[in-house]
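J.: output the structure for:
(4 chains)
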Protein chains: 2
Amino acid sequence: MTSATACAPTASTSSTAMPLAYRPQSTITESPPPGTRAVTNCSACSLHPICMPPHLSTTELARLDAIVCSTRIVRRGETLYRAGDKFKSIYAVRVGCFKTVITHRDGHEQVTGFHIAGEPLGLDGVCSDEQNCDAIALEDSKVCVIPFDLLEDLCHDVKAMQQHVHRMMSGEIVRESGLMMMLGTMTAQQRVAAFLLNLSKRMKTRGYSSAEFNLRMTREEIGSYLGLKLETVSRMFSKLQQAGVIDTNGKQVHILDSEKLAGV
Amino acid sequence: MTSATACAPTASTSSTAMPLAYRPQSTITESPPPGTRAVTNCSACSLHPICMPPHLSTTELARLDAIVCSTRIVRRGETLYRAGDKFKSIYAVRVGCFKTVITHRDGHEQVTGFHIAGEPLGLDGVCSDEQNCDAIALEDSKVCVIPFDLLEDLCHDVKAMQQHVHRMMSGEIVRESGLMMMLGTMTAQQRVAAFLLNLSKRMKTRGYSSAEFNLRMTREEIGSYLGLKLETVSRMFSKLQQAGVIDTNGKQVHILDSEKLAGV
DNA sequence: CGGGGCATTGAAGAATGTCAATGCTTGTGG
DNA sequence: CCACAAGCATTGACATTCTTCAATGCCCCG
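T.: Numbers count the residues shown, from 1 in each chain, chains lettered A, B, ... in the order given. Coordinates of the predicted model:
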């Protein structure tokens, strides 16, 4: 980071998170972030195998590149979109990490998901023509913007693309089913363990260490996601540490024994 | 029912609306249930506005009819599909009611949803090419079978259809988000209240009374769905009744004051 | 070096789960 | 047609888990 350039859309806003608690977690050192817009290139993107269908022809890839023509930088604490925003695009996280938050009428908030690099974002907006949650960056992040109407057009012409979109959406459904299972049947300790294992698996998928990583979210955000109070989350971390299953120091997590963790 | 002519859509069955409290819950007296197969007809189906996109041309409707060419009768307690089954089709509940159940490796089960007439079923299978839950009829039911590959073909030619499929899937995502919110933030009483209100709303959508209906599921199934024990569910029913908000007798439910119910 | 956000930990209280007994409804078989 | 078994619902007493309230410490930042 550094890039002065304006255009940081959603701008500051949801500042709240800004304080930069522990350590600087930013790192986006984009070369051309002239207007938070930059030419993208799915065909050359290293996340390509993760977020797009395989086996596209050169022509098809070119069309894809034409659609996914912009990226957007979202600074820590800023929102990518808010509930109620007109739904136009879905996003692919390219760098960084987001949380999605639903706000009840009564002001009550709940984190519904964390999204790391390579994962889609905004699929829940398709059904209602408007976003129904806020997407907030947990660290300086970058997303690819995918106009959904254009994507639908591409789906029309490229069957593999259509299938991929269907799979992404269905995948969201399954992901949420898993979370529901967790919320509905697991104890606090099991939830925290499952959360760590899930994150670990996803980190691994994109080439990071599955045993050691940094949490980008607070205990409170984890708690909100897991249906627990932050104190409970903290206690479970401590308990797992005492049991020698993990080693934690604040946001730094080291999984020492993933089997035991899974068997909690 | 009597109408020999198949296709008497919502027909008697989905008795739901009819008190029939305890009473026999079977009733599908299909004329031609020779092989659990029968000719369907989306264009003539009364659920059409609910489960298919509006404004289709005659030609398009004909194509749809050609795809949704069969129905299947599923008796109470039987499964429509099981986790692990090859994913081929999605379904639309035409008559009756289903629950979907995920089974943990440890044998632990959780109900992930209830599906009544007019609602889609099986969308979560799209992502993995296999079903990842069991769908079990809670009463004698009938579904329309929609081969997904054919549907994708139709989506290719009919934009309205493609959008509809996307909306259905996204709708599933949103539905589950709501459930997660419930599981993550609500008390037992609030969950039961929200459950009843949600069901009430869905009943209303398809023309049944929103104030009075029969539950097709047991307290245990409700509990599994809500992340509660059956005893707790039962207690909450009793509590809401004492508060004069609902009137229940076993599976028969009468919502006396939906505002109070929402404000619990 | 003082403040703020975040994390950890303890003690007490509330909500939910567990265990157990009872009754009602339905279905079955004599 | 009645008796009985099985499944479901209700209710009470007690145990456990999680939350609430509160105090303290840590770490970065201005």
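
J.: three-state assignment of the most centrally placed residue in chain A?
T.: In chain A, the C-alpha nearest the mean C-alpha coordinate belongs to residue A:115, at 1.1 Å (CA atoms, centre = their mean). Classification of residue A:115 by DSSP: H, G, I helix; E, B strand; the rest coil places it in strand.

J.: repeat for residue A:112
T.: Applying three-state DSSP to residue A:112 yields a three-state assignment of strand.

J.: so where do the strands sit in the stretch 151-264 of chain A?
T.: Under the criterion DSSP state E, counting those that start in this stretch, the stretch 151-264 of chain A contains strands at A:212-214, A:246-249, A:252-255.

J.: now do the contacts for the residue nearest to the centre of chain A.
T.: A:93, A:97-100, A:121, A:135 (CB atoms under 8 Å, 6 or more residues apart in numbering or on different chains). Backbone N, C-alpha and C define where each C-beta goes, glycine included.

J.: for the stretch 151-264 of chain A, give me the ranges with low pLDDT.
T.: Within the stretch 151-264 of chain A, no stretch has pLDDT under 70.

J.: which one is residue A:213 nearest to, not counting chain neighbours?
T.: residue A:203 (5.3 Å; CB to CB, 6 or more residues apart in numbering or on different chains).

J.: follow-up on the earlier one: so how far is DNA strand D from the residue nearest to the centre of chain A?
T.: 24 Å (CB to the nearest atom of the strand, to the nearest Å).

J.: excluding its backbone neighbours, what's nearest that residue?
T.: Nearest to residue A:115 is residue A:98, by CB to CB, 6+ apart, at 4.5 Å.

J.: that neighbour contacts residue A:80, correct?
T.: Yes. Residue A:98 lies in contact with residue A:80 (CB atoms under 8 Å); the separation is 6.5 Å.

J.: which residues do the two both contact?
T.: Joint contacts of residue A:98 and residue A:80 (CB under 8 Å, 6+ apart) are A:74, A:121, A:135-137.

J.: can you list the residues of the stretch 51-200 of chain A near DNA strand D?
T.: Residues of the stretch 51-200 of chain A lying near DNA strand D by CB under 7 Å from any atom of the strand: A:187-189.

J.: quote the end-to-end distance of stretch A:246-253.
T.: 7 Å (CA to CA, to the nearest Å).

J.: pull out the buried positions in that stretch.
T.: A:246, A:248, A:251, A:253 (16 or more other CB atoms under 10 Å in any protein chain shown).

J.: ok, those residues vs DNA strand D, which is closest?
T.: Of all the buried residues of stretch A:246-253, residue A:251 has the smallest distance to DNA strand D: 10.3 Å, by CB to the nearest atom of the strand.

J.: so the closest one is in contact with residue A:213, correct?
T.: No. Applying CB under 8 Å as the test, residue A:251 and residue A:213 come out as separate, 9.3 Å apart.

J.: in a markdown table: the residues of the stretch 51-200 of chain A next to DNA strand D, plus neighbour count and distance to chain B.
T.: As requested, these are exported to a markdown table (neighbours: other CB atoms under 10 Å in any protein chain shown; distance: CB to the nearest CB, whole Å):
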| residue | neighbour count | distance to chain B |
| --- | --- | --- |
| A:187 | 11 | 12 |
| A:188 | 17 | 12 |
| A:189 | 16 | 15 |
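
J.: closest one of those residues to DNA strand C?
T.: residue A:187 (9.1 Å).

J.: and the closest one, how close does it get to residue B:227?
T.: From residue A:187 across to residue B:227, the span is 12 Å (CB to CB, to the nearest Å).

J.: mind giving me the domain split of chain A?
T.: A:15-180, A:186-263 (automatic domain parsing).

J.: in TSV, list the ones you listed along with distance to DNA strand C.
T.: Formatted as TSV, the domains of chain A follow (distance: least, CB to the nearest atom of the strand, whole Å):
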stretch	distance to DNA strand C
domain A:15-180	4
domain A:186-263	3
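
J.: is chain B contacted by stretch A:245-259?
T.: No. Against chain B, stretch A:245-259 shows no contacts by CB under 8 Å from any CB of the partner chain, the least distance being 13.7 Å.

J.: what does that stretch contact?
T.: So stretch A:245-259 is contacted by A:22-23, A:193, A:196-197, A:200, A:210-216, A:237, A:240-241, A:244, A:260-261, A:264 (CB under 8 Å, 6+ apart).

J.: ok, now with 7 Å
T.: If you take CB atoms under 7 Å, 6 or more residues apart in numbering or on different chains as the criterion, stretch A:245-259 is touched by A:22, A:196-197, A:200, A:211-215, A:237, A:240-241, A:244, A:260-261.
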